[in-house]
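Trainee: Next come a sequence and a model predicted from it.
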Amino acid sequence: MLFEQMPENVLWINSAEARKLGISDGVTVRVSQNGYSETIKAKVTDLIHPEAVFVIHGFGHALPIETRAFGKGLADNKFMKGGLDIWDPAGGAVAFQEHFVTVAKV
C-alpha cells in the first residue's frame with residue numbers, strides 16, 4: 001500500500017532555493033557529493049528548510065530483482081560514506097544522518 005502512495009523517490013527542495021537554481025517541480029536534478037552523483041526528480045515545496053534537501057530511504061537500488069526500488073530515485077546510502085556503521089542503539093537501525101550535497105538542474 002505504501003508503494004502505491006509513493007512509487008518513486010523524489011528530492012524535496014525548498015521553493016525559493018529551487019527558483020534560484022532554475023528547478024521546477026518534477027524536473028530531473030543531479031545530486032552530488034565528493035565526486036559521486038545521481039539523478040532524481042525534484043519535489044519543489046515550501047515545507048522544507050531552504051538550506052536542506054530531503055529524500056526517503058530505500059529507493060534507487062541497482063539490482064533489477066529489487067523491482068520496487070530499482071532505478072527509482074536515488075540510493076541515499078551512496079551518500080553516507082561511513083554512515084552505515086552508525087547505528088541507533090534504541091531501535092537497532094541505521095541512524096538518521098546529515099550529509100552536505102550539491103543540487104543542480106540536469
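Mentor: Happy to help now that I have it.
Trainee: Now do the same contact list for the residue lying closest to K41 once chain neighbours are set aside.
Mentor: Nearest residue to K41, sequence neighbours excluded (CB to CB, 6 or more residues apart in numbering): V10, at 5.0 Å. Yep, even glycine has a C-beta here, placed from its N, CA and C like the rest. When contacts are counted by CB atoms under 8 Å, 6 or more residues apart in numbering, V10 touches 40-43, 55, 73.
Trainee: Next: I13.
Mentor: The contact partners of I13, by CB under 8 Å, 6+ apart, come to 23, 29, 42-45, 48, 53, 103.
Trainee: Can you get me a residue count around the residue lying closest to T102 once chain neighbours are set aside?
Mentor: Nearest non-adjacent residue to T102, counting by CB to CB, 6+ apart: S32, 4.7 Å away. Number of residues near S32 (other CB atoms under 10 Å) recorded here: 14.
Trainee: Surely S32 forms part of a strand?
Mentor: Yes - remark: S32 belongs to a strand, assigned using DSSP: H, G, I helix; E, B strand; the rest coil.
Trainee: between the contacts of V10, which is nearest E98?
Mentor: V55 (12.4 Å; CB to CB).
Trainee: I figured the closest one was touching N9, is that so?
Mentor: Yes - with contact defined as CB atoms under 8 Å, V55 and N9 form a contacting pair (5.6 Å).
Trainee: And the contacts of the longest helix anywhere in the chain?
Mentor: For the chain, the helix with the greatest residue count under DSSP state H is helix 15-21. Residues outside helix 15-21 that contact it (CB under 8 Å, 6+ apart) are 24, 42, 44-46, 50, 103-105.
Trainee: Report the two of the residues you listed separated the most.
Mentor: Largest separation among the contacts of helix 15-21 by CB to CB: D46 and A104, giving 21.0 Å.
Trainee: Could you check which of those two has the larger neighbour count?
Mentor: Using other CB under 10 Å, the more surrounded residue of D46 and A104 is A104, with 12 against 8.
Trainee: C-alpha coordinates for the host helix or strand of the more buried one, CSV please?
Mentor: Using DSSP states H and E, A104 sits in strand 102-105. Only the C-alpha atoms of strand 102-105 are listed here, as CSV (Å, rounded to 0.1, in the frame of the first residue of the first chain):
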residue,chain,number,x,y,z
THR,A,102,25.1,19.9,-4.2
VAL,A,103,22.0,20.0,-6.3
ALA,A,104,21.8,21.2,-9.9
LYS,A,105,19.3,21.0,-12.7
